[in-house]
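In: Below are the sequence and a predicted model; questions follow.
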Amino acid sequence: MKFIRFLLVCGLGLVVGWSVISTAAGAPRTAKIVFASNRDGNSEIYVMNPDGSGQVNLTHHRGPDYSPVWSPTGRQILFASERGGNISDLYVMDADGSDVKRVFHKRVRRSYPTWSPDGEQIAYYRVDRGEVAIYTASIKGGAEKRIATGMNPTWAPEGPEIAFISAKVLLPVDDRFGGVEIAKPRIEIVNVRTHAKDQISPDGFPLIFHTAWTPDGTRLVFSGISVDDLAPTMQLYIVNRKGNKKPRKAVEGPGSNPALAPQGDTLIYEKKTREGTQLFKVALAGGRPEQLTDSGGNYSADWFDPAFALPVSPQPHLLTTVWGRVKAQESER
């Protein structure tokens, strides 16, 4: 398995928000899952209740929309879209699907965004001049900063760390599906302030793709194919951020593109069925998976719960204490 062409047509998770003190439309009053679905023949952004009921299309646009992510306040949803052309770029809308805006003025291929914990910054991967790299920027589309070579970033729940997929070979494919050729991938973590890196390379995984942090920031769930599997099927594993980094299966059976409930006890993931790719949820402690969707292809889920949301009124201490704590810890080393 020298090279793998990874088609990112559907699995590009994205994230953004204008401000933690925005006056935009209100956040959902109950827990909601946002996801992408092609059930009407075109990829659109939907929301549903955590039990799979109340599925509603938010976008209704002829251009493909995918990879939605809630802002920390729940007031906005960031997503990738080809509505402005034949390459993906980042857009943000209110939680009810209204007031859609493009994040950046200059269009380049941007995918798989993720929010900073304070809602002020986003990270994403960008393809430019034949390279695939992780960038950060203000949610308002400010100056972009390149921080690492890699793809599929996921911001840690607290502090300035981002987990992402790096590889010995990581090259964009010149096709409209946003393909990437990848060889010998691994999980890396980068500090966006210092650019210091840490590497998590579980043994026996020739393929690793998406990652998701547990809410306490101590573990990562990832999609991978293990050499120990009897068949080369994407499955979900969980690994410690520090200490013993031997992964264990998070779900028995196939699964990919994980996301965790804000309380950290439930995992959402994708699984192929006879009806197409569907979303399932299961207790992280184990149990029987519950199917949430059954029509078309469904992917890239993200869970918002107002009980765990960042307050929408000005709370300056919430925007500084996490970063201050990190800075203090660094000075003690």
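Out: Alright, I've got the coordinates.
In: hey, what's the closest residue to S201 other than its chain neighbours bridged with?
Out: Closest residue in space to S201, ignoring its immediate chain neighbours: R186 at 4.2 Å, by C-beta to C-beta, 6 or more residues apart in numbering. Just so you know, the C-beta spots here come from the backbone N, C-alpha and C atoms, and that holds for glycine as well. Judged by DSSP bridges, the bridge partners of R186 are S166.
In: R186 reaches D198, doesn't it?
Out: No. Assessed by C-beta atoms under 8 Å, R186 is found out of contact with D198, at 11.0 Å.
In: So those two - more neighbours on which side?
Out: Taking R186 and D198 together and counting by other C-beta atoms under 10 Å, R186 has the greater number of neighbours (16 against 13).
In: For that one, list the residues it contacts.
Out: The contact partners of R186, by C-beta atoms under 8 Å, 6 or more residues apart in numbering, come to I165, S166, A167, Q199, I200, S201, I208.
In: Show me which pair in these is furthest apart.
Out: Spatial extent of the contacts of R186 (C-beta to C-beta) is set by the pair A167 and I200 at 13.5 Å.
In: just so I have it, where are all the strands in the stretch 201-333 of the chain?
Out: 207-213, 219-225, 235-240, 248-254, 256-260, 266-273, 276-283, 290-291, 298-304 (DSSP state E, counting those that start in this stretch).
In: So which of those strands is nearest M93?
Out: With respect to M93, and counting by C-beta to C-beta, the nearest of the strands of the stretch 201-333 of the chain is strand 298-304 at 13.8 Å.
In: and that closest one, what other elements does it pack with?
Out: Judged by 3 or more C-beta pairs under 8 Å, 6 or more residues apart in numbering; DSSP states H and E, the packing partners of strand 298-304 are strand 32-37, strand 65-70, strand 256-260, strand 266-273, strand 276-283.
In: Enumerate the positions of the last one that are buried.
Out: This means strand 276-283. For strand 276-283, a neighbour-count test (16 or more other C-beta atoms under 10 Å) marks G276, T277, Q278, L279, F280, K281, V282 as buried.
In: Any regions of the stretch 1-150 of the chain where pLDDT drops low?
Out: Counting by pLDDT under 70, the ranges of the stretch 1-150 of the chain that qualify are 1-25.
In: Need the helices and strands packed on strand 298-304 in TSV (columns: distance to D216).
Out: Written out in TSV, the entries for the helices and strands packed on strand 298-304 read as follows (distance: least, C-beta to C-beta, whole Å):
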stretch	distance to D216
strand 32-37	21
strand 65-70	19
strand 256-260	10
strand 266-273	14
strand 276-283	16
